[in-house]
Structures are given as C-alpha cells and as structure tokens.
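Asker: model this:
(one chain, ligands or ions: 1)
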Amino acid sequence: MYSRRDAIKTAVAMPALLAAQSANDTIRVAVIGVGNRGSYLLRTLLKIPGIRVIAICDLDPERLEKAAAAVSATGARPATYTDFRKMLDERKDIDATVIATPVDTHKMIGINALEVGHNVYCEKPMASTPADVRLLASAAKSAKGIFQAGFQLRHDPARRRAMDFIHSGGIGKVLFLQGYRHTGDLPRDTPWYFDRNRSGDNIVEQACHIIDLFVWTTGKHPLRAFGSGGINLFKDVPPGRTTMDNYAVIYEFPDDVRLEFSHIYFDPPGFSGIKERVYGANGAIDLPTATWIEREKKGEIKLDVPNAGQDPGLLALAAFFDNARGHKQPLNNAGSAALSTLVAMMGRKSIYEKRVVTWEEMS
Ligand SMILES: NC(=O)c1ccc[n+]([C@@H]2O[C@H](COP(=O)([O-])OP(=O)(O)OC[C@H]3O[C@@H](n4cnc5c(N)ncnc54)[C@H](O)[C@@H]3O)[C@@H](O)[C@H]2O)c1
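Answerer: Purely as a prediction, here's the structure:
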C-alpha cells in the first residue's frame, strides 16, 4: 500500500536520481520504434548519464538512419536493425530495451524482450486487447528484468505532489473525479492511430494517461462503467477511420466515488485543454497544477512542488534506469499499467456495446 512515508521518500529521492546515475555502471540500451514517441525517448535518454544506446530497431529505414545519426552525434555507434527478433538474437549485450511501437505490437515485442532477460520500458497503453494486457503483465511478473510502462505523468512533479497530498488525507475523503481531454484531431500522417484494432481506440491509446491518474488516486478498480461515443464530425476522415472522435464515460468506484470523463477531437483551439481534478470532503485539487482549494476558505493554494517544471518523460526514464540497477519495482509497474489499461478497455466496451459493463466482465 502506498503510504505517506513512501510519498515523502519519493518526492525527495527524484532530484538525486539523475546525478546518481554514473558512467561506472553503464546500462546498454536498445530502442525499438523511433517514430514520434521513440525519437523523443531516444533524445531524452541520451541526456541521462551512465546510459549507452548500442542498438536501434525500426521497420522504417529512414527513421532508423535518422535515429542512428542522433546517437552517432554523441560519439557512439549503435547497431541498426529492421527486425527486432534478429536484434534480440544477435545482441546478447543489451541490458534494457525501450519500446515505442504501435499499441498492438507491445505484447509481442515486450514479451520477447522480457524473455531474453532485458529490463523493459514499454510505452503505454499495455496493449490493445484485454487478453494481450494479461499476457504481457504475466510475462513481466515472472521476468528476470523489471518492467516499467510509459505512463510518465506519474513522474510529473506537480501531479506527483498533488497525489501525495491526496494520499496523505489533505483533501479529506475522495468523493468525485473529473477529467477531460478536449483537443484537435490526432496527426493524420500516422494511420494506425485511426484504426481501433491497432490503437485500441482513443480511450485506450490516449485517455489511458488520465484514467491511470484516477486509478492511482483511488488505488482501486471501478465497479462498473457506462459510456457513449462515436464519430460525429470526422466520418471516414482519414479514410477508413474506425476510432471515435468523441465520447463520454462515467465510472463508479467503490465507496460511492464517481469519475466523469469526456474526450473530444473537434474542439476549436480556443477551448481546447485537459482537466484532471479530484474533489474531496475538504475541497478540490487540480492535478496538473497541484493547486488546492479548501471548501471553507477563499482563494487557491499552490502546493510547493519539488522539481517543478522538470520533464516527466526524463524523470520517468531516469527512474527506469535507477529501478533497473536496483531491481526495484517501478511506480508504473506492469500491475498498475495493466489495471489502468483494463479500466480504459472497460469504458470502451461499455461505449461499443451501449450498456453498463461491470469489472467482473473484464477479468
Ligand atoms: N507516453 C506518451 O506520452 C506517449 C506519447 C505518444 C505516443 N505514445 C505511445 O508510443 C507508442 C508509439 O507511438 P508513436 O506516436 O511514436 O507512433 P509512430 O507511428 O510515430 O512510431 C512507431 C514506430 O514504430 C515502428 N514500428 C512499428 N512496428 C514495428 C516493429 N514490429 N518493429 C520495429 N519497429 C516498428 C514504426 O515504423 C514507427 O517508426 C504508442 O504506444 C503510443 O501510444 C506515448
């Protein structure tokens, strides 16, 4: 169970992480998938001391070449592969693998990397189907290496501080959770985003981040979900689109706690934004800003945030290498990531089947 002492410990431990990673215990890293997210992760991990990228894999030779050039600029010479199985077979010197490929490939690539003993950082969500989520989580449980999922918002200093405050009882009993993600549409040049069989649809591929924060808040799975959604504006845009452009879902958690979440992709830029807010008996807190308003008092209080403004992606990767070195259970472990992904899938099932879905149906 996550205690107040853990909360304080993790809050002060973070800044030391980067400095503590020395070149003496270098971790040899492979990156699989260097598209949008993978190239960001690659650039970011090049900033972490004690890390050496020795291999890169992508199906796309152009992306592969670009990624290899970025690593070569630091003086290293990574091997390049278009077939991840060949890379795993040939390179027995890899300690850790970072996976940033489309969602429907996470299970296959993740399990293969775990089976050869690697520490694995795999992008969120765990997978695109409940069966694949369970297979990957189960492989992670029995693996020699550690598994950390790319739910990096748990490493965002402000959200982490807000969560410590909630878990230490600062807002009183948690009563209600509210979130939305209202944006323009996803980039049209990445076809798999719009294929629900590949991405798991937007509630799984995109909203899983915010859902993960609320599952972290309650520490529990919901009892039931009801949602509604569809494609209202972008019908067949891009051609063949099967992912929703809007939906809303309500989850009922134990202890009479409700989560209301909506997601739309046709928001005009002026109104766009995200909300992650937790209401308690004593007031409410905004997670991205760690701003807390007490019910009986006027005015908002910004909590002191250690490491405010630091990049959550960098902090998450630094934590991954620290966890790999110490063989420690990550904050974003396979169990928590599987739970959050399944909660997103519970909402998806309710939307697709137009009925209330219970947690028992997900297990
Ligand atoms: N944590 C975050 O904030 C965040 C942000 C964006 C994306 N993501 C996640 O990162 C992952 C990748 O998303 P993206 O936006 O970078 O997609 P992308 O399409 O831009 O990149 C995926 C890359 O994987 C490569 N690839 C596909 N199959 C492969 C295989 N079998 N072997 C090797 N390479 C393969 C593709 O060629 C491509 O270059 C997804 O899981 C996505 O949900 C996470």
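
Asker: can you tell me which residues contact E300?
Answerer: The neighbourhood of E300, defined by C-beta atoms under 8 Å, 6 or more residues apart in numbering, consists of T291, W292, I293. Where C-beta positions appear, they are placed from N, C-alpha and C, glycine not excepted.

Asker: Let's see that with 10 Å instead.
Answerer: Each residue near E300 by C-beta atoms under 10 Å, 6 or more residues apart in numbering is listed here: G283, A284, I285, D286, T289, T291, W292, I293, E294.

Asker: Which part of the stretch 251-363 of the chain gets nearest to the ligand, residue-wise?
Answerer: For the stretch 251-363 of the chain, the residue closest to the ligand is G313, as judged by C-beta to the nearest ligand atom, at 7.1 Å.

Asker: And for the residue nearest to that residue when sequence neighbours are not counted, the neighbour number?
Answerer: Nearest non-adjacent residue to G313, counting by C-beta to C-beta, 6 or more residues apart in numbering: Q152, 5.0 Å away. By other C-beta atoms under 10 Å, 24 other residues sit near Q152.

Asker: ok, Q152 touching P330?
Answerer: No - the pair Q152 and P330 fails to qualify as a contact (C-beta atoms under 10 Å) at a distance of 11.1 Å.

Asker: what touches both of these two?
Answerer: With C-beta under 10 Å, 6+ apart, Q152 and P330 have common neighbours Y121, A316, A319, F320.

Asker: Could I get the contacting residues of G313?
Answerer: G313 makes contact with R37, Y40, L41, R43, T44, L45, G150, Q152, L153, H155, D156, according to C-beta under 10 Å, 6+ apart.

Asker: Those into CSV, with extra columns for secondary structure and pLDDT?
Answerer: Shown next, in CSV, are those (DSSP: H, G, I helix; E, B strand; the rest coil; pLDDT from 0 to 100):
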residue, secondary structure, pLDDT
R37, helix, 98
Y40, helix, 98
L41, helix, 98
R43, helix, 97
T44, helix, 97
L45, helix, 94
G150, coil, 98
Q152, helix, 98
L153, helix, 98
H155, helix, 98
D156, coil, 98
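
Asker: Kindly identify which of those residues also come near the ligand.
Answerer: Counting by C-beta under 6 Å from any ligand atom, R37, G150, Q152 from those sit close to the ligand.

Asker: contacting residues for the last one?
Answerer: Applying C-beta under 10 Å, 6+ apart to Q152 gives the contacts 41, 121, 123-124, 159, 209, 311-317, 319-320, 332.

Asker: Could you identify the pair within the shared contacts of Q152 and P330 that is furthest apart?
Answerer: By the measure C-beta to C-beta, Y121 and A319 form the most distant pair in the shared contacts of Q152 and P330, at 9.7 Å.

Asker: neighbour count winner among those two?
Answerer: The neighbour count for Y121 versus A319, taken as other C-beta under 10 Å, is higher for Y121 (31 against 24).

Asker: Among the ones next to the ligand among the contacts of G313, which one lies nearest to the ligand?
Answerer: Nearest to the ligand among these, with distances taken as C-beta to the nearest ligand atom, is R37, at 3.4 Å.

Asker: Torsion angles phi and psi at A284?
Answerer: The phi/psi pair for A284 (degrees, to the nearest 10) reads phi -140, psi 150.

Asker: was I right about it contacting I293?
Answerer: Yes - between A284 and I293 there is a contact at 5.7 Å, judged by C-beta under 10 Å.

Asker: Make sure L223 is actually in contact with E361.
Answerer: No - contact criterion C-beta under 10 Å: L223 and E361 do not qualify, at 11.3 Å.
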